[in-house]
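Colleague: All I have is the shape, not the residue letters:
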Ligand code: IMP
Ligand code: MG
């Protein structure tokens, strides 16, 4: 049942259509390469599962987990890698899969970090580019949706660990 404080902005059908498109573009770009898809837990877990099934070239996949010290819901840029990849990145074409790029601090830290580990290339695929609070002008190689503002939940995205299992992406409105 849909909660009153949630307003769907990307439904399950639109998600699948866009992810199929991303999968086609990524498949063309990575033909003949040594693709390692590296998902950022937990937010990207559902996106990652759909994305890898839309990519038609051979790939390996792995997950990492980060935490960032920040005030409230914004990150500070002080990133801790809580869980590192289990696969050696040397010679791999790494595609980082993030749920949301907000300030850009997390993804920029990850690009810098993994660029120094012998990878052949490091690129970014983000489900959502949220322009509202961008601090660093990060380049997102593959972007699902640009959403100008608001706090988003569902399809892996959470607010205090709630709402991740919802099939659509919704704006979470503050309760009255
Ligand atoms: P950044 O370092 O500010 O770009 O942080 C991005 C991270 O903050 C994302 O990976 C999300 O985990 C979280 N985040 C930012 N905005 C939202 C949102 O609207 N909903 C849920 N999580 C968000
Ligand atoms: Mg995240």
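Modeller: Yes, it's here. As the structure is a prediction and not an experimental result, all values here were calculated from the model. Numbering: from 1, shown residues only. Ligands and ions are numbered 1, 2, ... in the order given.
Colleague: residues contacting residue 101?
Modeller: 107, 124, 126, 128-130, 134, 138, 140 (C-beta atoms under 8 Å, 6 or more residues apart in numbering). No exception for glycine: its C-beta is placed from N, CA and C like everyone else's.
Colleague: So among these, which ones count as buried?
Modeller: 107, 124, 126, 128-130, 138, 140 (16 or more other C-beta atoms under 10 Å).
Colleague: can I get the residues you listed in TSV with secondary structure, pLDDT and distance to residue 57?
Modeller: What follows is these, written out as TSV (DSSP: H, G, I helix; E, B strand; the rest coil; pLDDT from 0 to 100; distance: C-beta to C-beta, whole Å):
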residue	secondary structure	pLDDT	distance to residue 57
107	helix	94	23
124	strand	98	18
126	strand	98	20
128	strand	98	24
129	strand	97	24
130	strand	94	29
138	coil	93	25
140	coil	97	20
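Colleague: quick check, nearest of the contacts of residue 101 to residue 6?
Modeller: residue 128 (15.9 Å; C-beta to C-beta).
Colleague: residues of stretch 152-165 that come out buried?
Modeller: 152-158, 163-164.
Colleague: Pull up the distance across it, start to finish.
Modeller: Stretch 152-165 stretches 13 Å from its first residue to its last (C-alpha to C-alpha, to the nearest Å).
Colleague: ok, which stretches of this structure are strands?
Modeller: 6-10, 35-41, 60-69, 78-83, 93-101, 121-130, 142-147, 152-153, 169-172 (DSSP state E).
Colleague: between those, which one is nearest to residue 47?
Modeller: strand 121-130 (4.6 Å).
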